[in-house]
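In: Predicted model and sequence below, questions to follow.
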Amino acid sequence: MSDYPPPRELADGVHWLGDCLIIEHEGTPIHAYSSLYLVAGRQTSLLVDTGHPKDWPAITRQLAELHSRGVAGVAYVFPTHAEVPHAANLGRLLDLYPDAVAVGDVRDYHLFFPEVEERLVSRAAGERIDLGGRSVLLLEPAIKDLVSSLWAYDAHAGVLFPSDGFAYMHHHKAGECWRTAEEAPDIPIAEFTALFNAYALYWTRFCEMDPSIDALDDVLAKHPTALIAPGHGSPIADPAATLPKVKEGLRIGSEQVLAGASTAG
């Protein structure tokens, strides 16, 4: 019997998949997610991101469990951007679901997966993917790490999928894995948002973040959001309570660098 986590239904028809990676940062064990999410409609399902290659055994078990419960098969795989934790299992998933296609900004994926080039379907921000009874809307990111990055939004359950836009790590504690941010209140969200951005969104250290935060507020105003499901870090089940901490973290790194530059000048 494996010890892989079971899929967790975060909202109606929105399932959290993947596994937890343990790394060491300055002598302290840190857990990090490379999450993917299955959005189930009446007729078919869509996967947001593909998960990390090391999580493939967990992902296949989780998908099989969902389908055994009657969750519709996957017809669409939406890699938010071309980085390993978000897109590396694309070929495996298209093999697992022979009738599925990859959707989104797929401009470069034929270079990585030439064997499935005919199944790469370009979809832009503003386009909807119909799943039967619900659809997933592709969005222009408020915080973008690659030129081809896209976000997604499920209006049926009010779920925003911001990829790396809300990425943060958290310390390992017994029982904390696979909890929402609000279920693990000791997570220093602001500090870890700043830490992750220093590695994954390096440009945020050298920019005023208020324009990006304003763009984020605009996305949330146009798309009522009850749950935020990021690629890394725990899902946010209470955006009103947790978003201020994330915004604080987005500002920390840039404020420190800009302050240092001002002092040097």
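Out: In hand now; what should we look at? Numbers count the residues shown, from 1 in each chain.
In: quick one: low-confidence parts of the stretch 51-200 of the chain?
Out: For the stretch 51-200 of the chain, the stretches flagged by pLDDT under 70 are 167-175, 192, 195-200.
In: Spell out the residue ranges of the helices in it.
Out: Ranges of helices within the stretch 51-200 of the chain are 56-68, 84-87, 90-96, 109-112, 189-200, based on DSSP state H, counting those that start in this stretch.
In: if you compare the ones you listed, which one is most tucked away?
Out: Most buried of the helices of the stretch 51-200 of the chain, by mean neighbour count (mean count of other C-beta atoms under 10 Å): helix 84-87, with a mean of 23. In this view, the C-beta of every residue, glycine as well, is placed from N, C-alpha and C.
In: Export that one to PDB, keeping only CA atoms.
Out: The C-alpha trace of helix 84-87 is given here as PDB (Å, rounded to 0.1, in the frame of the first residue of the first chain):
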ATOM      1  CA  VAL A  84       9.100  21.400 -15.300                       C
ATOM      2  CA  PRO A  85       6.600  21.500 -12.400                       C
ATOM      3  CA  HIS A  86       3.800  22.800 -14.700                       C
ATOM      4  CA  ALA A  87       4.300  21.000 -18.000                       C
END
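In: Need the residues that contact that helix.
Out: With contact meaning C-beta atoms under 8 Å, 6 or more residues apart in numbering, helix 84-87 is reached by 34, 49-53, 79-81, 109, 112, 163-164, 231-232.
In: For ChimeraX, write a command that selects the buried ones of these.
Out: The ChimeraX selection below is limited to those of the contacts of helix 84-87 classed as buried (16 or more other C-beta atoms under 10 Å):
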select :34,49,50,51,52,79,80,81,109,163,164,231,232
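In: Can you tell me which of the contacts of helix 84-87 comes closest to residue 218?
Out: Taking C-beta to C-beta as the measure, residue 218 lies nearest residue 163 of the contacts of helix 84-87, at 17.3 Å.
In: just checking, the closest one touches residue 36?
Out: No. Contact between residue 163 and residue 36 fails when scored by C-beta atoms under 8 Å: they sit 10.8 Å apart.
In: Tell me the residues that contact both of those two, please.
Out: residue 49.
In: Redo the helices of the stretch 51-200 of the chain as JSON lines? Include distance to residue 246.
Out: Below are the helices of the stretch 51-200 of the chain laid out as JSON lines (distance: least, C-beta to C-beta, whole Å):
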{"stretch": "helix 56-68", "distance to residue 246": "26"}
{"stretch": "helix 84-87", "distance to residue 246": "19"}
{"stretch": "helix 90-96", "distance to residue 246": "28"}
{"stretch": "helix 109-112", "distance to residue 246": "29"}
{"stretch": "helix 189-200", "distance to residue 246": "5"}
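In: For residue 142, find the nearest of the ones you listed.
Out: Judging the helices of the stretch 51-200 of the chain by C-beta to C-beta, what sits closest to residue 142 is helix 189-200, at 13.7 Å.
In: what's downstream of that closest one, the next helix or strand?
Out: Per DSSP states H and E, the first helix or strand lying C-terminal to helix 189-200 is helix 210-222.
In: Pull the residues that contact that following helix.
Out: With contact meaning C-beta under 8 Å, 6+ apart, helix 210-222 is reached by 139, 142-143, 151, 160, 165, 204, 239, 247, 250-251.
In: and those residues as CSV, adding neighbour count and distance to residue 213?
Out: Converted to CSV, these look like this (neighbours: other C-beta atoms under 10 Å; distance: C-beta to C-beta, whole Å):
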residue, neighbour count, distance to residue 213
139, 19, 16
142, 19, 8
143, 23, 9
151, 24, 15
160, 25, 15
165, 26, 11
204, 24, 11
239, 20, 14
247, 18, 5
250, 24, 6
251, 19, 8
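In: which residues touch the spatially most central residue of the chain?
Out: Closest residue to the average C-alpha location of the chain: residue 231 at 2.3 Å, with C-alpha atoms, centre = their mean. By C-beta under 8 Å, 6+ apart, the residues touching residue 231 are 33-35, 49, 80, 85-86, 162-164, 167.
In: returning to what we had before: including distance to residue 8, could the contacts of helix 210-222 go into JSON lines?
Out: Putting those into JSON lines (distance: C-beta to C-beta, whole Å) gives the following:
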{"residue": "139", "distance to residue 8": "24"}
{"residue": "142", "distance to residue 8": "26"}
{"residue": "143", "distance to residue 8": "25"}
{"residue": "151", "distance to residue 8": "21"}
{"residue": "160", "distance to residue 8": "17"}
{"residue": "165", "distance to residue 8": "21"}
{"residue": "204", "distance to residue 8": "29"}
{"residue": "239", "distance to residue 8": "18"}
{"residue": "247", "distance to residue 8": "26"}
{"residue": "250", "distance to residue 8": "26"}
{"residue": "251", "distance to residue 8": "31"}
